[in-house]
Structures are given as C-alpha cells and as structure tokens.
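Chemist: Compute the structure for the input listed below.
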Amino acid sequence: MMSVHDALAAWQSGDITADRAMQLTGAADVMELYAFAHTSGVEIREDLLPREKEQADRAASLISRLMRDEEAVARRAGQDLTVR
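Modeler: Below you'll find the model as predicted:
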C-alpha cells in the first residue's frame, strides 16, 4: 500500500492519475490534492507532462474546430433567412 506522501509524489511525477491519487489519499478533489502535496512537502510541478500537453493541444484543436463549424452554420443560417 502506498503512503499518502508516495501517492502524491507519484501523482506529481505522472506515474498515477489525479483520480487514483484522490482514491489513495482520500482527497475530495484536485485542489485538495494540491493542498495535501503542499503540506506533505511534495514538490508541485508547474509544467505539463508531455502527454498532458498533447491532450491539451488536441482539446484546443477540437474546440477551435467546433467553434469554426458553429460560426459557419450561423453564417449559412443568416444567409438563408435574408429576404431576396
């Protein structure tokens, strides 16, 4: 069984997910995980792990594409509603 400190360190190093760390530590949410890490002396990383950066980039790309699609639909709808 992992100690709370070990679970927090594993979470911060990317070895386990935040969900798993919450299960192991009893933290109610990610903010509480950060609080536990701080009070336990676990170094909190400031940068994203490579896979987190990749996921964030993919999510941003999808959001951007959805926004462009919605704008295009709105423009087409506006054109269809114009009186000729």
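Chemist: in the helix or strand hosting residue 5, what counts as buried?
Modeler: Assessed by DSSP states H and E, residue 5 sits inside helix 4-13. By neighbour count on 16 or more other Cβ atoms under 10 Å, the buried set for helix 4-13 is 4, 6, 7, 8, 9, 10, 11, 12. Just so you know, the C-beta spots here come from the backbone N, C-alpha and C atoms, and that holds for glycine as well.
Chemist: again with stretch 56-74
Modeler: Within stretch 56-74, no residue is scored as buried using 16+ other Cβ under 10 Å.
Chemist: swap in stretch 19-38?
Modeler: Under 16+ other Cβ under 10 Å, the buried positions of stretch 19-38 are 21, 22, 24, 25, 27, 33, 34, 36, 37.
Chemist: mind checking the end-to-end distance for it?
Modeler: Stretch 19-38 has an end-to-end distance of 18 Å (Cα to Cα, to the nearest Å).
Chemist: repeat for stretch 42-60
Modeler: The first and final residues of stretch 42-60 sit 30 Å from each other (Cα to Cα).
Chemist: from the chain's centre, how far out does that stretch sit?
Modeler: Here stretch 42-60 is found 8 Å from its chain centre; the criterion is Cα atoms, centre = their mean, to the nearest Å.
Chemist: do stretch 38-52 as well
Modeler: From the chain centre to the centre of stretch 38-52 is a distance of 13 Å (Cα atoms, centre = their mean).
Chemist: what's the answer for stretch 36-55, then?
Modeler: Counting by Cα atoms, centre = their mean, stretch 36-55 is centred 12 Å from the centre of its parent chain.
Chemist: what's the answer for stretch 60-78, then?
Modeler: Put simply, stretch 60-78 sits 23 Å off its chain's centre (Cα atoms, centre = their mean).
Chemist: What's the mean pLDDT across it?
Modeler: Stretch 60-78 shows a mean pLDDT of 84 in the predicted model.
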